[in-house]
Every structure is written in structure tokens, then in C-alpha cells.
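A.B. asks: 3D, please:
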Amino acid sequence: MSIRSLFVFIAFISVYNISYAQETKSIFKGYPVIAHSDTLFFVKNKLGSLSAVERAERTSAKVVALSEDLLFVSDSLITVKDSALIDIAYKGDVLLSLSKTDADSVRMDQEVMAKAYRDIVAENISTYKKDTDVTELLKRGALGLFIIAIMVMCIYFLNKYSNRFNAWLRVKLHARISGFKIKNYELINSKNELFLIKKVLNLIKIVVIFILVYLTLPIVFRLFPWTKPWSDSLIGFVLNPLKNIFSAIIDFIPNLITIAVIVVVFHYIKKVIRFFSNEIAAERLKINGFYPDWAKPTYNIVKIVLNAFMIVVIWPFIPGSNSEIFKGVSVFLGVLISFGSSSAISNGVAGMVITYMRPFRIGDVVKIGETTGAVQEKSLLVTRVLTFKNEVITIPNSAILNGNTVNYSSLAAQDGLIVHTTVTLGYDIPWATAHELLINAALASEGVVKEKQPFVLQTSLEDWYVSYQLNAYISNPKRMPAIYSEIHKNIHTAFDTAGVEIMSPHYQAIRDGNASTVVSPEKA
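C.D. replies: The predicted model follows:
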């Protein structure tokens, strides 16, 4: 059978079941006449001042009362024709009067209908009296005790041999069981696995015992007319839910097919969008103004929107989606999410904005607030930065959006990143000497780009000293702390070798006896 034929068959069965159910619901049988938990027949029409319900209830009560008559003789239950009515009576007491309208409603002859109803009532009363006979009750009681004894024996042997089976199984499996592992993680060791097997077998034993008891009780209850309704109730507890579940599944098949089609359509739409996203990310497909690093986050946003739209489309086809309880729970969960996720939503929106602002990429060295380090991870809610001290700091995206971000890596590879440090020297030091010493110290430092000449800026002329700022180019911002340390070390060495003091002295030309701060070459 082809897939198309299968779908046509399923659709036909679904439509047939729906139409049959609607037709069944439209047929009104009438109000039942019930005696001793049995439905004898139905009454559809009113008669005189009595409604159909009252006629059915009145007949039910009279049949039950008649069955308690110890001197009941079924031959005394007769039909009497009175003008347009035919009565079913016992010794002058009318149980039910049948009109021609009653006969026409069931498409039967009036006299045939009356005799059939009389036979049904007589059969019901005779059966009840037979079932409530003392001798019959004793026989059924003995049969019930015998059934219960069989059940007890079954439970006894089940419990006895299940324990032996458990002991035998533990001995057999003890050497074979090595635990349950997922890759290198031992989820359950051998001891716990044996214990789990024992618990599962005990659970199976309890379930079997429960089923035995549950099946035995309806059989025993049906032996006696007074407990027969209990038997029907016990059976109904199991059959009614199964019947409802099966009916619900049959009714849900058309909606399930619709949901499956919707899911498949949206699945392939997302696959097409993911294909173009991968092509843009790999730079095989180029769109003016759309950067490759936008491809993945844009796809994730579109996927979320498509999934939300798919749920909206599917929602009416979900069973129970129109019920008040379902709506109440949905509203309650929505309120909880709204109150509990306000900060998460703000961080998510900030994450999307940051993605399209492109202030940094993974691996860039940045300064966000007081935090400096390499960007390790970008997510919708947070950004993680690995500092130079090997610390991972998590920063909410809303804080990044509301603050300033310094990116040290964006131009470092092409134009170089300028690192700078300041030295203050007295006015007695010639500026040319200061410039030469600082530039030579920068060029001697590892990590400084030699192709681009360092330069010095005299940033201020203070009362007692001149501020010199050394600027040098580097290409690897991740080594900034080490490069700064190297530059400072070389500056210190160069100035000590040249006999120049690195200080901002508040002193006069004539010293007061204090020694120079310059380290001699022998001590250096």
C-alpha cells in the first residue's frame, strides 16, 4: 500500500467514525425501565399526565416491588386490552400501559409489544427469585469461597516461587553483571544493578497479585444479585477509561495528521534557512551589508520565531486546548514567566542588539567596565571573559549594552595596538636624551612591532618635572601584561645605565646630602 493510499484510508476511517458517532448520538432510545441492575426496555412517550420519565420510574418501582412478593406466579402477569391501551397487570395492579403511539415509535404491533414486555418483566422477576433462593445462595457462596481459595493459593505459590526465582537469578547474574556505564561514567554499579533488578521483580509480583485480586472480585460479586452492581463498577473502572482513550485516539487521528503535516512543512523551511545560514557563515554566499558572523544568531532568532508560529498554528488541534483548565494553566504559567524573566528578557534583547552592533568577536581582547580579558563565549544572555589572571568573569549583556566597551583586538592585526606608559623626569634632563632612552627601551622589548617606530609625547610640563609618554606598537593584545612588564624593565635598565634618575624631584640644584637613586652598573 502506498503512502497516499494509507492517508486516504486513515481519512476515510476517521470520517466514518465521526459520522457514525454523530448518528448514534442523534438516536434517542428513551428512558430506561431498570430492575435489579438490568435494563428491561425503554419508554419514549408520555401518557396522559405522566411524562416518559415518570412512566419509566413508576414501572421500575412496581417491577422491583413485585419481585419481593413471595407468592408471585408468573402466569398471573397478563396483558389486558382497555380501549386504546393495553395494560401489563398483575392481579389487577397495572405495571405499564402501552398506547399505539408507543408501538409505532418502535415499529411494532401493539399487542406483540405488550406480550414481549410482559415476558421480559416475568423473566426478570423469575431470574431474581432464582438468584435469591436460599439453596442457590448457598451454592453460589460455596463457589465464591472456592474461587477465593484458588486466588489465595495462586498468590501463595506466586510469592513462594518468586522469592526462589529472585535468589536463583541473583546467583546467576552476580558474576555476569558489571554495572551500567555511559562512556566512562558508571551510572549504576553491579551491586545497585542487582538491587534494582530485585525491586523490579518485586514490583512485577505486586502488580500480578493486584491483577489477580482485581479479576477475582468481579467474578465473586456477580454470583449474588445484591453485589452484581459492584462487579459492573469494578469492570467499568478499567473498561470505561480504555474505551474513552481509544475513542479519543480515533477522534484525534485527523488532527494528528494535520499536526504532522504542519511540523514537516516547518521542519523543511528551517532546513532551507539553515542551509543559507551556513553558506553565509562560510562566506560562500555574500550579501552586501550582512556580515558572516551574523548568520548563526540570525538563524537562531528566525528559528525561535518559526517555532513560536508553528505552536500557534498547532495549538487549536491539541486535545483539550479549548478547555478552561488548559487555558487557566497556560495563563498562570505565562504570568509566572513574565514576572520571573524580566531581567532575562532584557539580557536577551541586549544580546541580540550586541550581536548586530559587532563590538567584539570571540577571542578579542576587550575591556568591559573594570574587566579586561579575552572574550571566551557570547550567548543570548551573558558574555564570558577570560582575564589575564585566568579568571572567567560572566557579564550580563544588559550591562555591556549600557556601558562602554574597549576592543584592543579590532585593529591590532592590521594597524597595530599602541601601548603607552608615562615617565616623569626633572627639567635638568634634556628632552632629547629622554626620548632616545625611552624609544631604545621600547625597541629592545619583546612583543613590540619593530617595523613601526615608537614615539614619545611630552604630555605635560609640571612645576617640578616633565611628563614623557612612551608609545609603542604591538600586534598581540593577549600579551599586553607581559609586554608592559618587559617595557618597564627595559626603561629601568636603560635609565640606570645612562645615569638618569627616574623621579619627579622636589629638590634644589644643591643636594642636602642624600645619595642618588641611580643604580650603579656594578650593582645592576
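A.B. asks: ok, which stretches of the stretch 51-200 of the chain are helices?
C.D. replies: Secondary structure of the stretch 51-200 of the chain (DSSP state H, counting those that start in this stretch): helices located at 52-67, 100-105, 110-131, 134-174, 190-221.
A.B. asks: average pLDDT for the last one?
C.D. replies: Here helix 190-221 scores 84 as its mean pLDDT.
A.B. asks: do the same with the second one
C.D. replies: Computed over helix 100-105, the mean pLDDT rounds to 85.
A.B. asks: check the offset of stretch 413-427 from the chain's centre.
C.D. replies: On the basis of Cα atoms, centre = their mean, to the nearest Å, stretch 413-427 sits 56 Å off its chain's mean C-alpha point.
A.B. asks: endpoint to endpoint, that stretch covers what distance?
C.D. replies: 38 Å (Cα to Cα, to the nearest Å).
A.B. asks: quick thing: my sequence starts at 766, can you match it?
C.D. replies: Fine by me, first position is 766 from now on; the one you just mentioned is stretch 1178-1192.
A.B. asks: mind listing what's buried along it?
C.D. replies: 1181-1182, 1184-1186, 1188-1191 (16 or more other Cβ atoms under 10 Å). Bear in mind the C-beta positions are built from the backbone N, C-alpha and C, glycine included.
A.B. asks: quick one: contacts of it?
C.D. replies: Residues outside stretch 1178-1192 that contact it (Cβ atoms under 8 Å, 6 or more residues apart in numbering): 1173-1174, 1176, 1199, 1203, 1214, 1217, 1224, 1227, 1229-1240, 1242, 1245, 1248-1249, 1252-1253, 1256, 1265-1270.
A.B. asks: okay, Asp1129: pLDDT?
C.D. replies: Value for Asp1129, per-residue pLDDT: 92.
A.B. asks: and the nearest residue to it once chain neighbours are set aside, which of the three is it?
C.D. replies: Once flanking residues are discounted, Asp1129 sits nearest to Ser1174: 4.0 Å by Cβ to Cβ, 6 or more residues apart in numbering. Taking DSSP: H, G, I helix; E, B strand; the rest coil as the rule, one finds Ser1174 in the coil state.
A.B. asks: same check, this time on Met1268
C.D. replies: Going by three-state DSSP: Met1268 is coil.
A.B. asks: Val1077 - that's part of a helix, no?
C.D. replies: Yes: counting by three-state DSSP, Val1077 is located in a helix.
A.B. asks: thinking again about what came up before, so which of the helices of the stretch 816-965 of the chain gets nearest Lys1143?
C.D. replies: helix 955-986 (41.5 Å; Cβ to Cβ).
A.B. asks: quick one, that closest one and helix 899-939 angle?
C.D. replies: 170 degrees (axes from the mean of the first three to the mean of the last three Cα atoms, to 10 degrees).
A.B. asks: which intervals of the stretch 866-1015 of the chain have sub-threshold pLDDT?
C.D. replies: By pLDDT under 70, the weakly predicted segments of the stretch 866-1015 of the chain are 939-953, 955.
A.B. asks: centroid residue for this structure?
C.D. replies: Geometric centre of the chain, nearest residue: Leu1098, 12.9 Å, by Cα atoms, centre = their mean.
A.B. asks: for that residue, what are its contacts?
C.D. replies: Going by Cβ under 8 Å, 6+ apart, Leu1098 touches no other residue.
A.B. asks: any idea which helix or strand carries it?
C.D. replies: Per DSSP states H and E, Leu1098 falls inside helix 1089-1105.
A.B. asks: after that helix, next one along is what?
C.D. replies: helix 1107-1122.
A.B. asks: packing partners for the helix or strand following that following helix?
C.D. replies: Toward the C-terminal end, the helix or strand that comes next after helix 1107-1122 (DSSP H and E) is strand 1130-1133. Strand 1130-1133 is packed against strand 1136-1143, strand 1147-1152, strand 1170-1172, with contacts defined by 3 or more Cβ pairs under 8 Å, 6 or more residues apart in numbering; DSSP states H and E.
A.B. asks: let's have those in JSON lines, adding mean neighbour count, distance to Val1067 and mean pLDDT.
C.D. replies: JSON lines is the format used below for the helices and strands packed on strand 1130-1133 (neighbours: other Cβ atoms under 10 Å; distance: least, Cβ to Cβ, whole Å; pLDDT from 0 to 100):
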{"stretch": "strand 1136-1143", "mean neighbour count": "18", "distance to Val1067": "18", "mean pLDDT": "92"}
{"stretch": "strand 1147-1152", "mean neighbour count": "19", "distance to Val1067": "22", "mean pLDDT": "93"}
{"stretch": "strand 1170-1172", "mean neighbour count": "16", "distance to Val1067": "27", "mean pLDDT": "91"}
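A.B. asks: adding distance to Thr981, write the ones you listed out as CSV.
C.D. replies: Formatted as CSV, these follow (distance: least, Cβ to Cβ, whole Å):
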stretch, distance to Thr981
strand 1136-1143, 63
strand 1147-1152, 62
strand 1170-1172, 76
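A.B. asks: right, and those strands - which one's nearest Ser998?
C.D. replies: Among those, strand 1147-1152 sits nearest to Ser998 (Cβ to Cβ), with 58.3 Å.
A.B. asks: how about residues contacting the closest one?
C.D. replies: In contact with strand 1147-1152 (Cβ under 8 Å, 6+ apart) are residues 1112, 1116, 1119, 1131, 1133, 1136-1142, 1157-1162, 1165.
A.B. asks: okay, it in CSV with CA atoms only?
C.D. replies: Taking Å, rounded to 0.1, in the frame of the first residue of the first chain, the C-alpha atoms of strand 1147-1152 are listed here in CSV:
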residue,chain,number,x,y,z
VAL,A,1147,25.6,36.7,29.0
THR,A,1148,29.2,37.2,27.8
ARG,A,1149,32.1,35.4,29.4
VAL,A,1150,35.6,37.0,29.6
LEU,A,1151,38.8,35.2,30.4
THR,A,1152,41.1,37.7,32.3
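A.B. asks: helices of the stretch 1116-1265 of the chain, start to end?
C.D. replies: Assigned by DSSP H, counting those that start in this stretch, the helices in the stretch 1116-1265 of the chain fall at 1162-1167, 1196-1208, 1245-1263.
A.B. asks: and the pLDDT for Pro1270?
C.D. replies: Taking Pro1270 on its own, its pLDDT is 55.
A.B. asks: now do Lys1068
C.D. replies: With respect to pLDDT, Lys1068 scores 90.
A.B. asks: host element of it?
C.D. replies: Element membership for Lys1068, per DSSP H and E: helix 1060-1079.
A.B. asks: same for that helix, what does it pack against?
C.D. replies: For helix 1060-1079, where contacts count as 3+ Cβ pairs under 8 Å, 6+ apart, the packed elements are helix 993-1046, helix 1107-1122.
A.B. asks: again, only using 7 Å
C.D. replies: When contacts are defined as 3 or more Cβ pairs under 7 Å, 6 or more residues apart in numbering; DSSP states H and E, helix 1060-1079 sits against helix 993-1046.
A.B. asks: next, count neighbours for Asn1169.
C.D. replies: Residues lying near Asn1169 (other Cβ atoms under 10 Å) number 9.
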